[in-house]
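**Student:** sequence and predicted structure are below.
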Amino acid sequence: MESRPLRYFVAVAEELNFARAAERLGISPPPLSRAIRRLESELGAVLFERTTHSVTLTPAGEVLLAEAPFALEALEAAGRRARRAAAAEPELALAVKADGDAGLLEAILARYAADPAALPVTVRLSAWQEQSRLLRQGEADVALVYEPFDRTGLDAEYLTAEPRVAALSARHPLAARAGLSLADLGLRPGEVQRYIDETRGRGHDLAQLLTLVGLGEVVALLPASVADRYPRPGVVYRPVLDAPPAVLAVAWPQQSRSTATAALVRAAVEVAETARERRAS
């Protein structure tokens, strides 16, 4: 199956109107209709029910619409990875949030550089929960990412689990406490991830989020490593004793056969194991 008729199908399936889909694709309706007919013939399945007044998806069309975007994304990603691999000086792209490496990034890069399969690394600083998309689209080869994340088309290995801390304004009534509970923050265990997502959305990056914390506008739940690495006037960090841990993983595309990618994953796992052993001793 070629990508062009699949793109045509997605446009019609989303518009449910051949004229609008043709306009969106920049072609006229007759060749679009012929392309869809050829696709249906190739698949041996009717994808649309057509009447003079409406276009609807058949069960086969609904299945293809669910799968097609992933197939198209995979094709585009393969092209990007191939172009990067063919570069005069190939590099490996590592996606990571600026505050999302549990303090392991420098050690991982140092361990990786010693591997014979290592390539030069470009660190792609990503937005909150952007790493999965970068991997699937071929813009990154490996990512350090906190759970939960969209694992569609990805493999991952556990690295480490950190306690959570609450970042509060130094003027907050709870700032005088040595330790907190979820109940102190008005949270139940099942609400933690939603709360983290909502508070993260208040700031473009950690610096903005901590500014809001210092102003007393928000209380943020963060991995404990943030407290050591990002001290800030007017902000205090307090352990939240019953909060679920922040789990960090290393992720990569399932279809990857790159020895350089495998070497970086191996380095990340080894560095995390060493860090855990050091904490336990």
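**Tutor:** Happy to help now that I have it. Numbering: from 1, shown residues only.
**Student:** surely residue 29 meets residue 15?
**Tutor:** No - using C-beta atoms under 8 Å, residue 29 is not in contact with residue 15, being 11.4 Å away. Using the backbone N, CA and C atoms, a C-beta is placed for each residue, glycine as well.
**Student:** how about low-confidence regions in the stretch 1-150 of the chain?
**Tutor:** 1, 86, 88 (pLDDT under 70).
**Student:** which other helices and strands does the helix or strand hosting residue 13 contact?
**Tutor:** Residue 13 is located in helix 3-15, with elements delineated by DSSP states H and E. Counting contacts by 3 or more C-beta pairs under 8 Å, 6 or more residues apart in numbering; DSSP states H and E, helix 3-15 packs against helix 18-25, helix 29-43, helix 59-85.
**Student:** what about the last one, distance to the chain center?
**Tutor:** Right, helix 59-85. Offset of helix 59-85 from its chain centre (C-alpha atoms, centre = their mean, to the nearest Å): 17 Å.
**Student:** number the chain from 58, please
**Tutor:** Done: numbering now begins at 58, and the last item shifts to helix 116-142.
**Student:** quick check: angle from that helix to helix 86-100?
**Tutor:** 100 degrees (axes from the mean of the first three to the mean of the last three C-alpha atoms, to 10 degrees).
**Student:** after helix 116-142, next one along is what?
**Tutor:** Where DSSP H and E defines the elements, the next helix or strand beyond helix 116-142 is strand 149-154.
**Student:** contacts for whatever helix or strand comes next after that following strand?
**Tutor:** Following strand 149-154 in sequence order, the next helix or strand is helix 162-170 (DSSP H and E). With C-beta atoms under 8 Å, 6 or more residues apart in numbering as the test, helix 162-170 has contacts from 153, 158, 175, 178, 180, 201, 320-321, 324-325, 327-328, 331-332.
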